[in-house]
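Trainee: kindly generate the corresponding structure for this input.
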Amino acid sequence: MSKISKYIKLDKNILLEYIYDDGNLIADSYNILVNSKSKVNSYIAGSGSTTGNIIDNQLFKLDSLSTKFGKVDTTNYSFLQVKNYSAGNPLRHDTLKIHVPINWTFGEYLGFHIRVYAYDYTNTKSYELSNFYFDMTSISQQYLLNFTSPPLLFQEKLWGKNISIDIPALSEISSQIFNGAPKENSINYNLTNNVGLSTTAPVFIDFHFINNIQTVNSVTTYLLTAANTTTIPQTPEFEKLGLVIQHSSNGDFFEIYGTYNDTIYGFKKFIDDSYTLDRHYYVQYDITTYEQNIRGKTITITVTDNFNETIEYRPIIKYSTTTAIIDVEMRLIDSVDETTIIRKASYGMLQDQLSKYSLNMMKINVKNVAKPKIYNIKTSINTALIGGLGNANGSLVLGGNGLNGGNGNTQGVNNLTTQGGVIVETVKVPFPVLVDRFNIIAKSDNALFNNTMFYGFGKIQILLYPFDNVVKFYIATGPDSKPEYFNLTGISEISFVIKNDQNQITFPLFTESGDINLAIGQVVFKVNQNRFNEIKKIYDSGVNVFYITGKSQSTTSVIYTGLFKIYDSKSNVSALNDQAAFAATVNPSIILDPNTTKETAIVTRKLINEQAPIIKPGATS
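Mentor: Numbering: from 1, shown residues only. This next block holds a predicted model:
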């Protein structure tokens with residue numbers, strides 16, 4: 001558990017968000033308010049606390065039979081006593097956040113009061129953790145009302161303002177025990193007079209609206225509405241509930257689903273089991289795409305059955321070419337009382353993924369698609385018919401249209417055709433035949449040596465720097481002495497791949513370069529800087545092979561393969577240092593220009609005798 005919220009509607013215009021937060025640790029001094037009249041003790045944060053749960057924001061009940069409350073003031077009420085305690089170890093605090101609609105000003109009411117309390121271990125006597133109130137007519141409390149940015153959308157209503165207070169987490173207070181008794185000088189000890197709070201009872205919350213405010217002789221009292229009581233468990237009951245968004249392995253889309261105990265099947269079982277406890281849930285997914293700083297539209301999907309099926313979502317990226325984020329909020333809603341549990345998840349897409357979801361897909365030119373035909377040259381020509389000449393290599397050229405001197409005698413040869421006197425039979429293959437049937441060679445502007453030469457399979461070597469690398473290849477067929485540029489327009493999803501047994505990094509064509517021409521085998525890839533550390537790990541594992549791959553009829557084949565070298569690898573840096581050291585020893589630090597005129601300088605020395613200084617006329621010394 002890190003931060004978990006539970007939402008409860010206390011009124012059509014009041015939404016309570018109870019937040020369990022492991023990171024909200026506070027070590028403040030605190031007070032215990034002792035009411036000798038009602039025999040009720042209350043926790044109050046110290047005057048310097050930022051929790052909002054301070055004495056100036058507290059009310060207490062004046063009459064047990066009515067809803068009349070007064071401000072905590074030991075001067076006007078002698079039966080009240082405030083005991084001060086110093087701060088102890090940091091204690092986890094839960095947050096109560098009261099949300100109201102953005103355009104609502106409490107209507108006919110003047111504010112609200114919220115009482116948070118718990119029972120002792122015998123579940124007979126209550127102790128209060130907060131008696132917070134908000135008076136909208138009081139200028140001194142206006143700072144408590146904050147604007148929610150962005151506004152919270154909950155059950156088709158925008159909640160744009162909120163008031164927050166922090167209270168000690170009941171589960172933390174009740175666990176301050178040693179040998180079955182409250183620890184001395186702990187909140188559990190001081191609040192309950194060494195009795196201790198229950199570890200199983202929930203947190204109780206009473207909510208009131210303020211109906212009227214009266215001031216007599218500078219003493220202000222408040223008349224409240226009847227209490228609306230709700231309970232919150234000490235620890236979140238849905239701690240194992242989670243949300244997952246991941247890229248699908250079945251295609252170019254995302255899968256979104258809820259989990260319980262880290263599985264989608266556990267999520268379905270959890271909801272099915274809830275029906276036996278008379279809890280009827282449905283799930284609502286709010287999916288929003290952010291392109292850099294641009295917020296897209298929110299798509300809402302409601303699921304009422306088949307909870308073991310994933311939500312399939314495919315975004316459309318309109319503006320960004322660098323990064324995008326898919327933000328998902330899952331709401332588990334009780335269809336009876338509309339209490340809601342929220343989980344959030346995000347998926348960040350980098351530049352190499354955005355091209356799959358861009359507004360305009362890259363079009364593939366299929367007008368001149370290469371359709372390779374494969375033939376078997378038959379060598380079954382009857383040599384007796386051609387005067388004993390052999391045709392073992394299928395290279396015999398016969399005149400006419402037949403095999404017997406042009407008389408068309410093809411007896412005994414079925415399903416065959418003759419082309420230039422050679423018998424040819426078309427062979428059908430059950431799979432696409434790609435480049436592994438051709439003599440593929442390539443050259444690259446990024447080659448370490450001779451970037452104008454074509455290299456065969458696995459022979460080219462390129463250098464990758466620890467920044468963005470734009471790698472360009474020219475792919476051809478035939479011998480390197482007479483290459484023919486390879487038409488790649490019939491191949492889809494051409495990629496630059498670096499992989500080992502543990503990891504694979506794929507880069508699509510860098511279409512933004514404007515320098516791609518598949519018709520002549522010219523391809524460009526961008527190896528992004530943010531993937532360089534992964535590439536370096538593959539290189540350090542002993543594998544420095546790259547592949548250029550393509551797809552045809554869902555079959556992926558290798559178009560070309562070669563080697564890559566990491567510029568800042570330990571071995572390469574050592575080699576660079578050795579080269580620099582060798583160059584420094586072989587070459588002099590000063591190189592004479594052979595074209596300049598060389599002359600000889602003659603230096604003479606003359607001995608000068610030391611003389612006493614002469615005093616200037618008129619000078620005293």
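
Trainee: any stretches of this structure with poor pLDDT?
Mentor: Residue ranges of the chain with pLDDT under 70: 1-2, 361-441, 445-451, 480-481, 583-621.

Trainee: what ranges does it have for its helices?
Mentor: Ranges of helices within the chain are 170-174, 187-192, 264-276, 351-354, 532-540, 570-586, based on DSSP state H.

Trainee: so which bits of the first one are buried?
Mentor: Of the residues in helix 170-174, those buried by neighbour count under the rule 16 or more other C-beta atoms under 10 Å are Leu170, Ser171, Glu172, Ile173, Ser174. The way it works is simple: take the backbone N, C-alpha and C, and place the C-beta from them, glycine included.

Trainee: excluding its backbone neighbours, what's nearest Tyr285?
Mentor: Nearest non-adjacent residue to Tyr285, counting by C-beta to C-beta, 6 or more residues apart in numbering: Ile301, 4.6 Å away.

Trainee: quick one: the one you found and Ile287 touch, right?
Mentor: Yes. The pair Ile301 / Ile287 is scored as a contact, 7.1 Å apart, by C-beta atoms under 8 Å.

Trainee: out of the two, which sits in the busier spot?
Mentor: Neighbour count, other C-beta atoms under 10 Å: between Ile301 and Ile287, Ile287 has more, with 21 against 14.

Trainee: hmm, that one is touching Ile256, no?
Mentor: Yes. In this structure, Ile287 is within contact of Ile256 by C-beta under 8 Å, at 7.0 Å.

Trainee: overlap in contacts, those two.
Mentor: Counting by C-beta atoms under 8 Å, 6 or more residues apart in numbering, the common neighbours of Ile287 and Ile256 are Ile311, Tyr313, Val328.

Trainee: can you list those residues in a markdown table and add neighbour count?
Mentor: Output for these, formatted as a markdown table (neighbours: other C-beta atoms under 10 Å):
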| residue | neighbour count |
| --- | --- |
| Ile311 | 18 |
| Tyr313 | 19 |
| Val328 | 23 |
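
Trainee: and those as CSV, adding distance to Ile55?
Mentor: Converted to CSV, the shared contacts of Ile287 and Ile256 look like this (distance: C-beta to C-beta, whole Å):
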residue, distance to Ile55
Ile311, 49
Tyr313, 50
Val328, 42
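
Trainee: for Asp63, find the nearest of the helices of the chain.
Mentor: helix 187-192 (23.8 Å; C-beta to C-beta).

Trainee: could you say what helices and strands the closest one packs with?
Mentor: Contacts defined by 3 or more C-beta pairs under 8 Å, 6 or more residues apart in numbering; DSSP states H and E place helix 187-192 against strand 30-35, strand 40-45, helix 170-174, strand 181-182.

Trainee: please save the CA atoms from stretch 205-221 in PDB.
Mentor: C-alpha atoms of stretch 205-221 as PDB (Å, rounded to 0.1, in the frame of the first residue of the first chain):
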ATOM      1  CA  ILE A 205     -17.400   9.700  10.900                       C
ATOM      2  CA  ASP A 206     -20.400  11.900  11.800                       C
ATOM      3  CA  PHE A 207     -21.100  14.700   9.200                       C
ATOM      4  CA  HIS A 208     -23.300  17.700  10.000                       C
ATOM      5  CA  PHE A 209     -24.300  20.800   8.100                       C
ATOM      6  CA  ILE A 210     -24.300  24.100  10.100                       C
ATOM      7  CA  ASN A 211     -27.900  25.400  10.200                       C
ATOM      8  CA  ASN A 212     -27.500  28.500  12.300                       C
ATOM      9  CA  ILE A 213     -24.800  30.600  14.100                       C
ATOM     10  CA  GLN A 214     -25.600  32.500  17.300                       C
ATOM     11  CA  THR A 215     -23.300  34.900  19.200                       C
ATOM     12  CA  VAL A 216     -24.200  36.000  22.700                       C
ATOM     13  CA  ASN A 217     -21.800  38.100  24.800                       C
ATOM     14  CA  SER A 218     -19.000  37.300  22.400                       C
ATOM     15  CA  VAL A 219     -19.700  33.500  22.800                       C
ATOM     16  CA  THR A 220     -20.500  31.900  19.500                       C
ATOM     17  CA  THR A 221     -22.500  28.600  19.200                       C
END
